[in-house]
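J.: I need the structure of the sequence given here:
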Amino acid sequence: MQPVVVQHPLAQCHLAAIRAVGTPSHDFRRHLNHLARMLFLEASRELPVREISVQTPLIETQGSQLARPLVFVPILRAGLGLLDGILPLVPEAVVAHVGIKRNEETALPHAYYSNLPACLSAADVFLLDPMLATGGSACEAARQLKAAGALRITLVCAVSCPEGLAAMEHAHPDVPIVTAAIDDGLNDKCYIVPGLGDAGDRYFGT
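T.: Below you'll find the model as predicted:
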């Protein structure tokens, strides 16, 4: 499945801002939140809706309502930056959490926390992680979600690279990916190049 790259001019402007090394944390948060909303709007484009009756001040008319519940699953902790931008659009969504830390020596994922709801099989699930680097964390998170019953998962990330995309395609070819960029690749420390550095550190100012 080919990833969807959001090329909207505003999305690319927000991406440039979070790439810039001189962007302070408060501006990094603001730009990532705006970018997250634009990525989610694309990722949710095909969500099914059902028709409902709506009483306006004048007459009754027809409207739309999401047909299934939504579950957002940020990969801790950097995924919270995407969640903060998206959740105001659908505040009724369920928020789950998956904690996965990359071993800096081996670059392999280490799962340390999971809190998933019982409604996964009935929901449209959006897995949130700003960076798809090696793909280890996203693959592990998707595995956990499927094991817990998720049937419809979409991965939303700000920046991806060929290595991470290949890993997801191999492990989870049924998971669509929406991103703002496909970068050149990984350096010898498994950081995306050109990338934007450590998204979690930059978002939280640590």
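
J.: any idea how far V156 is from A180?
T.: Remark: distance between A180 and V156 (C-beta to C-beta, to the nearest Å) = 10 Å. All C-beta atoms are positioned from the backbone trio N, CA, C, and that covers glycine.

J.: which of the two has more neighbours?
T.: A count of neighbours by other C-beta atoms under 10 Å puts V156 above the other of A180 and V156, at 29 against 25.

J.: report the beta-bridge partners for the more buried one.
T.: Bridge pairing for V156 (DSSP bridges) gives the partners L128, V178.

J.: find the helix or strand that H110 is a member of.
T.: strand 109-115 (DSSP states H and E).

J.: okay, and the common contacts of A180 and V156?
T.: Jointly contacting A180 and V156 under the rule C-beta atoms under 8 Å, 6 or more residues apart in numbering are L39.

J.: after the longest helix seen in the chain, which helix or strand is next?
T.: If you go by DSSP state H, the chain has its longest helix at helix 25-43. Counting by DSSP H and E, the element after helix 25-43 in chain order, helix or strand, is strand 49-55.

J.: now that following strand, how far from the centre of its chain.
T.: 29 Å (C-alpha atoms, centre = their mean, to the nearest Å).

J.: show the subsequent helix or strand relative to that strand.
T.: strand 60-66.

J.: can you tell me what sits against that following strand?
T.: Residues outside strand 60-66 that contact it (C-beta under 8 Å, 6+ apart): L47, P48, V49, R50, E51, I52, S53, V54, V90.

J.: make it 6 Å
T.: With contacts defined as C-beta atoms under 6 Å, 6 or more residues apart in numbering, strand 60-66 is touched by V49, R50, E51, I52, S53, V54.

J.: stretch 102-121 now?
T.: Stretch 102-121 has contacts (C-beta under 6 Å, 6+ apart) with 69, 94, 96-101, 134, 136-137, 140, 144, 148-151, 190.

J.: buried ones in it?
T.: By neighbour count on 16 or more other C-beta atoms under 10 Å, the buried set for stretch 102-121 is P109, S114, L116, P117, C119, L120.

J.: ends of that stretch, how far apart?
T.: 28 Å (C-alpha to C-alpha, to the nearest Å).

J.: now it: average pLDDT?
T.: Average pLDDT, stretch 102-121: 87.

J.: any idea what Q62 is bridged to?
T.: Applying DSSP bridges, one finds that Q62 bridges with S53.

J.: typed the wrong thing, it's I192
T.: In this structure, I192 bridges to L186 when assessed by DSSP bridges.
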